[in-house]
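1. Model the following, please.
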Amino acid sequence: MEPVRIDDPLDERVAAYVDIRERDLVGRQGRFVAEGKVVVDVLTATRRFGVESVLVLENRLAGMQHVLARLPADVPVYVVGAAVMDRIAGFHMHRGILAIGLRGELASPDQLLGTVGQNALVAVLVGISNHDNVGSIFRNAAAFGADAVLLDKASCDPLYRKAIRVSVGAALKVPFAVADDAAIIADLLEKKGFTQFALSPRGETDIRDVQPRGPVALYLGTEGEGLPEHLMSRLHTARITMAPGFDSLNVAAASAIALHAFTRNAG
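-> Here you go, the predicted structure:
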């Protein structure tokens, strides 16, 4: 489809893009926003999710041709000037590239685990509600070869716009599923034969000494409170040993160290 010029920010054809910051807070009826060239590139390349439309600044269109060429012929590409883009988005959109993705029907945790291999590495997010942390963990999961991410409902939606952006598109690439609570995830992983580790400053084993065998799950909890005791009591625990007098890392940084260690040891 030839790009369609939009000069009116109130044009109904671009209504899904209006005031994207505020609308992220209330949901988008099965849609999500992909922001920036790298993220839209991942969205169109992996094809895990559908694309409803793309909105591009006129001066970015030429550099997007290889990405837009992957779109089905019926997906509209809207082209706008900078002033119109900013009025649509509700703030200065310096990246100049947006797409509306279609969430579709996500797999259940059981269905997702049925697709991973015998030596799978799975990250489990419990109560991680900060979208920057969720996005960073997905980026780490992609970087260190995690096969899937499972989340409880208290965690941030990985398809929140900022989570996708911080993940550099990894939230669109790494398969994930959501369960009502962490206990359901733990029961399912136990049934599937996973060795389950909780990352904690009080962990019984240094992460460098863990020698995982078979499928492994790594649990990550909120900063401060950490993982709930009722969950910790049923999992193996591992720690990242630090300098004396300091025992705290941002959960995203901790996930990178732990996932790297598990990938290295498993290899």
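2. Pull up the gap between the residue nearest to M242 when sequence neighbours are not counted and H66, please.
-> Closest residue to M242 apart from its sequence neighbours, by C-beta to C-beta, 6 or more residues apart in numbering: L249 at 7.5 Å. Just so you know, the C-beta spots here come from the backbone N, C-alpha and C atoms, and that holds for glycine as well. Distance, L249 to H66, using C-beta to C-beta, to the nearest Å: 38 Å.
3. Neighbour count for those two, which is higher?
-> Counted by other C-beta atoms under 10 Å, L249 and H66 do not tie: L249 has more neighbours, with 17 against 10.
4. Helix or strand: which one has the more buried one?
-> Under DSSP states H and E, no helix or strand contains L249.
5. How many neighbouring residues does L68 have?
-> There are 19 residues near L68, going by other C-beta under 10 Å.
6. what's the following helix or strand after the helix or strand of the chain with the lowest mean pLDDT?
-> Least confident helix or strand, the chain: helix 20-24 with a mean of 69, by mean pLDDT, DSSP states H and E. Per DSSP H and E, helix 20-24 leads on to strand 31-35 as the next helix or strand towards the C-terminus.
7. For the next helix or strand after that following strand, give the mean pLDDT please.
-> Downstream of strand 31-35, the first helix or strand assigned by DSSP H and E is helix 37-46. Here helix 37-46 scores 95 as its mean pLDDT.
8. Tell me how far the residue nearest to M242 lies from E12.
-> 47 Å.
9. same deal with R234?
-> 52 Å.
10. Compare these two (neighbour count), which wins?
-> Neighbour comparison, R234 and E12: the larger count goes to R234, with 12 against 7 (by other C-beta under 10 Å).
11. contacting residues around the closest residue to that one other than its chain neighbours?
-> Spatial nearest neighbour of R234, chain neighbours left out: A186 (6.3 Å); criterion: C-beta to C-beta, 6+ apart. Residues in contact with A186 (C-beta atoms under 8 Å, 6 or more residues apart in numbering) are Q196, L231, R234, L235.
12. The third one falls within a strand, correct?
-> Spelled out, that is R234. No: per DSSP: H, G, I helix; E, B strand; the rest coil, R234 lies outside any strand segment and is coil.
13. Kindly state the beta-bridge partners for V56.
-> V79, I97 (DSSP bridges).
14. show me the contacts for it.
-> P3, M64, L68, V77, Y78, V79, V80, G96, I97, L98.
15. Point to the residue nearest the middle of the protein.
-> Taking C-alpha atoms, centre = their mean, the centroid of the chain lies closest to A171, which sits 2.8 Å from it.
16. Tell me the secondary structure at it.
-> Assignment for A171 (three-state DSSP): helix.
17. thought it was touching G135?
-> Yes: counting by C-beta atoms under 8 Å, G135 is a contact partner of A171 at 6.5 Å.
18. overlap in contacts of these two?
-> With C-beta under 8 Å, 6+ apart, A171 and G135 have common neighbours P158, A163, I164.
19. Can you tell me which of those residues is nearest A73?
-> Ranked by distance to A73 (C-beta to C-beta), the shared contacts of A171 and G135 are led by I164 at 25.2 Å.
20. Doesn't that closest one lie inside a helix?
-> Yes: using three-state DSSP, the assignment for I164 is a helix.
21. Could you report the distance from the residue nearest to R234 to A99?
-> 36 Å.
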